[in-house]
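Chemist: Here is a sequence together with a model predicted from it:
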Amino acid sequence: MMDVISHSQLWLIIGFLMLVIEMFSLSFFAFFLAMGALLTALLTFFGILPTITLQVVVFSVSSVAFLLLLRKFLKQKFSQAKDGVGYSEFSGEKVKVVREIPENGSGRVFYRGAEWEAVSHDGASIPLNATVTIVRMDGIVVIVKE
């Protein structure tokens with residue numbers, strides 16, 4: 001009986017699913033799993049990895065290698081504005097605190113129709129309903145000041 005899906009197709013599907021997960025997480029982690037899966041799909045397609053054991057080993061090793069070699073570089077590239085200061089599209093915007101930001105902790109702010117995790121840029125506590133200014137973004141965390 002013929003397989004419904006080949007191993008290379010399965011790795012391709014896994015790779016694309018990881019890319020979709022990355023789009024929602026923005027963590028630069030699933031991206032490297034996707035790269036490992038896509039590399040495994042390519043090598044499997046060309047017959048270089050005939051067994052599932054070899055495929056899993058190559059997927060694991062290549063994902064970790066991509067992660068170790070490229071994560072820091074890509075995270076810096078995507079988190080910096082052209083002037084090298086950092087991602088600044090939201091800088092200077094006023095937002096409302098919807099969950100108190102405790103000292104050296106995180107709370108939540110409401111911005112552009114959604115709640116965002118927020119921390120104080122100097123570690124000070126910020127009360128509920130305070131209006132604060134966005135200093136910068138750190139991934140999906142908003143750094144704010146009163």
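Modeler: Nice, I can see it. A quick note: this is a predicted structure, and the numbers were derived from the prediction, not measured. Residues are numbered from 1 along each chain as shown.

Chemist: hey, where'd the strands end up in this protein?
Modeler: 94-99, 106-111, 114-120, 131-138, 141-145 (DSSP state E).

Chemist: would you turn these into TSV with mean pLDDT and distance to residue 5?
Modeler: Every residue, glycine included, has its C-beta placed from N, CA and C. Listed next are the strands of the chain as TSV, based on pLDDT from 0 to 100; distance: least, Cβ to Cβ, whole Å:
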stretch	mean pLDDT	distance to residue 5
strand 94-99	94	45
strand 106-111	91	42
strand 114-120	91	37
strand 131-138	90	40
strand 141-145	92	39
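
Chemist: Next, format those strands as TSV and append mean neighbour count and distance to residue 56.
Modeler: Listed next are the strands of the chain as TSV, based on neighbours: other Cβ atoms under 10 Å; distance: least, Cβ to Cβ, whole Å:
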stretch	mean neighbour count	distance to residue 56
strand 94-99	16	42
strand 106-111	19	37
strand 114-120	17	35
strand 131-138	17	34
strand 141-145	19	34
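
Chemist: what residue ranges in this structure score low on pLDDT?
Modeler: Residues of the chain that meet the criterion pLDDT under 70 lie in 1-3, 26, 75-89.

Chemist: could you redo the last one with a cut-off of 50?
Modeler: 1-2, 81-86 (pLDDT under 50).

Chemist: Throw the strands of the chain into CSV and include distance to residue 23, thanks.
Modeler: What follows is those, written out as CSV (distance: least, Cβ to Cβ, whole Å):
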stretch, distance to residue 23
strand 94-99, 24
strand 106-111, 20
strand 114-120, 16
strand 131-138, 17
strand 141-145, 18
